[in-house]
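Engineer: fold the stuff below for me.
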Amino acid sequence: MNVLEALCLGALQGITEFLPISSSGHLVLAQHLLGFQESQLFFDIAVHVGTLMAVFLVFRGDLALILGGCLRATLRKSSSKPTPASTGFDSGVKMALMILVGSIPTAFIGLLLRDVFDRFFASPAIVALGLWSTGFFLLWSRWSKPNRRHLENPGVFDALLIGLIQGAAITPGLSRSGVTITTGMLLGLRPDLAFRFSFLLSIPAILGALASEAFHISGNYPEWHVAAAGFFAAFLVGWLALHLLRSLVGKGKLFYFAPYCFVLGAAAFLIAFL
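Structural biologist: Here you go, the predicted model:
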């Protein structure tokens, strides 16, 4: 792999990881159409770290609120003089708790059913079904009712259901961002809250996946400048993709990606059976 190829692959990772068009679906179809082999695991980790850094940058305010709230709660708990504020949780702690709750079904699916989902990556037909399902989810976002509730944080039921959907999005072709944001809005969360919670909830899942990949890494590494190029491209393009997605979600235009998913799903179906 040379630097230009690394930049292209990193940029593709940044676009498909965040926009609701399924990065895993594109990977499976590319391998079947062009005979691509999976890239080196170290390079995969580099580009995924790049997109994760983009999430940290875009959601730095939310992360600071969460960390600050947890720190204040810890200090109040250890204080010998409790204050009236210590009787409740602030919004940062509540968000942290809901991320923890939402991560439970995701971890359950990822750990216990990973082998089942891994077999799906050999099937363009599964990718087609996943892309079509994503398209229908995106269309349903048009009928969400974001003003039905006015919450600073999702509730326990919201977090569990969104976490369950996130776990199911291991399926290639099923866009994690698309289905989790849409599910949040269909539950009545405001678009901005559904967007924020979707990506905050993704952080533990991404860290867990990276830890699993790092455990299996071999001694065959790409040159450092190749990995750095992939990291930089994934970070920059991912940062831009997140801002674009935030704008479209806020304007209620998430369904704009549905036609692309339907067309790509039809192509995957043809690849599977022709």
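
Engineer: mind listing the helices for the stretch 1-150 of the chain?
Structural biologist: Using DSSP state H, counting those that start in this stretch, the helices assigned to the stretch 1-150 of the chain run over residues 3-18, 23-34, 41-58, 60-78, 91-112, 114-120, 124-140.

Engineer: buried ones in the third one?
Structural biologist: It refers to helix 41-58. Buried residues in helix 41-58, counted by 16 or more other CB atoms under 10 Å: 42-55, 58. In this view, the C-beta of every residue, glycine as well, is placed from N, C-alpha and C.

Engineer: in stretch 258-271, which residues are buried?
Structural biologist: Neighbour-count burial for stretch 258-271 [16+ other CB under 10 Å]: 258, 260-262, 264-265, 267-269, 271.

Engineer: pick out the most distant pair among the buried residues of helix 41-58.
Structural biologist: Comparing all pairs in the buried residues of helix 41-58 by CB to CB, the longest separation belongs to Phe42 and Val58, at 25.3 Å.

Engineer: rewinding a little: could I get the helices of the stretch 1-150 of the chain as JSON lines with distance to Lys251 and mean pLDDT?
Structural biologist: As requested, the helices of the stretch 1-150 of the chain are arranged in JSON lines below (distance: least, CB to CB, whole Å; pLDDT from 0 to 100):
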{"stretch": "helix 3-18", "distance to Lys251": "17", "mean pLDDT": "86"}
{"stretch": "helix 23-34", "distance to Lys251": "23", "mean pLDDT": "71"}
{"stretch": "helix 41-58", "distance to Lys251": "17", "mean pLDDT": "86"}
{"stretch": "helix 60-78", "distance to Lys251": "21", "mean pLDDT": "86"}
{"stretch": "helix 91-112", "distance to Lys251": "24", "mean pLDDT": "89"}
{"stretch": "helix 114-120", "distance to Lys251": "33", "mean pLDDT": "71"}
{"stretch": "helix 124-140", "distance to Lys251": "14", "mean pLDDT": "91"}
